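>>> coordinates only, sequence not included:
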């Protein structure tokens with residue numbers, strides 16, 4: 001760890017500290033999106049149980065993957081925005 005800190009210091013990268021308020025906001029965002037992803041997973045599994053058609057299952061899988069990626073991207077963007085406000 002110390003070696004990485006020294007390397008960062010040599011490159012001119014300053015350590016960024018996150019305030020307690022920011023940590024709480026980040027935790028809240030993570031919890032919110034964690035629950036949204038869990039909800040999406042439950043709905044996905046329910047949709048898969050309703051169909052046996054391989055083509056339709058493929059479509060459901062693709063939609064689920066897009067939804068997860070969208071939720072993850074939204075979460076990461078919001079966290080990055082909070083960290084930038086230091």
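Arrived safely. Every value quoted in this text rests on a predicted model; they were computed, and no experiment measured them.
>>> quick one: residue 4 and residue 79, what's the gap?
Look at residue 4 and residue 79: by Cβ to Cβ, to the nearest Å, they are 22 Å apart. The C-beta positions use only the backbone N, C-alpha and C, and glycine is treated the same way.
>>> which of these two has more neighbours?
Each of residue 4 and residue 79 has its neighbours counted (other Cβ atoms under 10 Å); residue 79 has more, 17 against 8.
>>> Please name the nearest non-neighbouring residue to that one.
In space, and not counting its chain neighbours, residue 79 is closest to residue 26: 5.4 Å by Cβ to Cβ, 6 or more residues apart in numbering.
>>> Please identify the helix or strand for the one you found.
Using DSSP states H and E, residue 26 maps to helix 20-50.
>>> Report the rounded mean pLDDT for that helix.
Averaging pLDDT along helix 20-50 gives 96.
>>> residues touching the residue nearest to residue 79, list them.
Applying Cβ atoms under 8 Å, 6 or more residues apart in numbering, we find residue 26 in contact with 18, 79, 82, 83.
>>> of the residues you listed, buried ones?
Among the contacts of residue 26, those that count as buried by neighbour count (16 or more other Cβ atoms under 10 Å) are 79, 82.
>>> could you dump the contacts of residue 26 to TSV with secondary structure?
TSV is the format used below for these (DSSP: H, G, I helix; E, B strand; the rest coil):
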residue	secondary structure
18	coil
79	helix
82	helix
83	helix
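>>> Out of the contacts of residue 26, the closest to residue 48 would be?
Nearest to residue 48 among the contacts of residue 26: residue 79, at 30.2 Å, using Cβ to Cβ.
>>> what sits against that closest one?
Counting by Cβ under 8 Å, 6+ apart, residue 79 has contacts 26, 29, 30.
>>> Redo those as a markdown table? Include distance to residue 40.
Below are these laid out as a markdown table (distance: Cβ to Cβ, whole Å):
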| residue | distance to residue 40 |
| --- | --- |
| 26 | 21 |
| 29 | 16 |
| 30 | 15 |
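>>> Closest one to residue 48 out of these, please.
residue 30 (26.6 Å).
>>> Quick check: closest non-adjacent residue to that closest one.
Spatial nearest neighbour of residue 30, chain neighbours left out: residue 75 (6.8 Å); criterion: Cβ to Cβ, 6+ apart.
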